[in-house]
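> sequence plus the predicted model coming up.
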Amino acid sequence: MPELPEVETTLRGIYHTLHSQKIKRVDVRERRMRWPVPDEIEARLSGQTAASLTRRGKYILIGTDNGTALLHLGMSGSLRIVDPDAPPEKHDHIDIVLADKIIRFNDPRRFGSLLWTENDPLQHELLAKLGPEPLSDDFNTSYLFNASRGRNVSIKQFIMNSEVVVGVGNIYASESLFRAGINPKKAAGKLSKARYEKLVAAIKEVLAEAIQQGGTTLRDFHGADGKPGYFRIKLKVYDRAGEPCEVCGTPVRQFVQGQRATYYCPACQRV
DNA sequence: AAATAATCCTGCGGGC
DNA sequence: TGCCCGCAGGATTATT
């Protein structure tokens, strides 16, 4: 499910249930995730209080007095809040058990992960080299323009590189480039600073809108099934191959880039 | 049956 | 030569 807005929505969805609460225990039914779930995770988290609950890129950080758990949803992961007596269903791999609720991690494809570190989590090897948060002031025109100089990779793959900027996944990469009027194939190093100004604004807009949309679904998180009711924002090109561009009517095109589908309007995205 | 909302790893080629 | 970097492609997986 997750690009950054979905992770942010998930974090907000569990925040009030988990933050400052004591973790009674952790039940791991499947350790074979993107990386093996460390054997020590149950002992390290059990009895601890979830003192901080934050996000870095697409990682959710659960901080305790002893260390930090790093949770990543991968491509198909989700969290939901269930009652203590709810029986686990298919692909419900991990439970974080609280006094009167369970945070339940479901991930069919098991590309997600749950890791543990006792050091500064931001210095963990998987997080240390991450680029700036797209909604922060560190992510600005000058930064992205400078980072792009000399780069021959396509602009779409460039903004999907988490060392450049975190949180821009396959859907919002296509959407952002459409809004900025940039052809996804264009070499990152050949775009003008003016164009990067549009792109940075587009990325911030698209992600902020998506988070806002996710926010409107938060009540579903505590609803009957405790699942996050992700709503996609109204997408203008993604998954719309052959349909008319909303702006000019030209059929939206799809092609493969870095083994991922890219969608764009050949008329609106000529730069 | 090919596609999928993520991302790390491997190997290659070029520059210094 | 050897090292570092950028880049392309592979691999992981269950479901529709």
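Noted; the coordinates are in hand. Here the structure is a predicted model, which is why all the values come from computation and not from measurement. Residues are numbered from 1 along each chain as shown, chains lettered A, B, ... in the order given.

> can you pull out the helices in chain A?
A:4-18, A:41-45, A:141-148, A:155-159, A:170-180, A:193-216, A:218-221 (DSSP state H).

> residues of stretch A:249-258 that come out buried?
Using 16 or more other Cβ atoms under 10 Å as the test for burial, stretch A:249-258 gives A:252-254, A:257. All C-beta spots, glycine's among them, are computed from the backbone N, C-alpha and C.

> which one of those residues sits closest to DNA strand B?
Proximity of those to DNA strand B (Cβ to the nearest atom of the strand) peaks at residue A:254, which lies at 7.7 Å.

> the closest one bridge partners, please.
As for beta bridges, residue A:254 partners with residue A:263 under DSSP bridges.

> does DNA strand B sit close to stretch A:60-77?
Yes - counting by Cβ under 7 Å from any atom of the strand, DNA strand B is contacted by stretch A:60-77 at A:72, A:74-75.

> what about residue A:69, how many neighbours?
By other Cβ atoms under 10 Å, the residues close to residue A:69 number 24.

> can I see the domain layout of chain A?
Annotated domains of chain A cover A:4-123, A:141-264 [automatic domain parsing].

> quick one: the last one near DNA strand C?
Yes - judged by Cβ under 7 Å from any atom of the strand, domain A:141-264 and DNA strand C are in contact via A:151-154, A:157, A:188-189, A:258-259.

> now the end-to-end length of that domain.
For domain A:141-264, the first-to-last residue distance is 22 Å (Cα to Cα, to the nearest Å).

> mean confidence for that domain?
Taken as a whole, domain A:141-264 has an average pLDDT of 91.

> residue of the stretch 101-250 of chain A closest to DNA strand B, please.
residue A:169 (2.5 Å).

> please tabulate the residues of stretch A:60-77 next to DNA strand B in a markdown table, including the columns neighbour count, distance to residue A:105 and pLDDT.
Listed next are the residues of stretch A:60-77 next to DNA strand B as a markdown table, based on neighbours: other Cβ atoms under 10 Å; distance: Cβ to Cβ, whole Å; pLDDT from 0 to 100:
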| residue | neighbour count | distance to residue A:105 | pLDDT |
| --- | --- | --- | --- |
| A:72 | 21 | 10 | 98 |
| A:74 | 18 | 10 | 96 |
| A:75 | 15 | 14 | 94 |
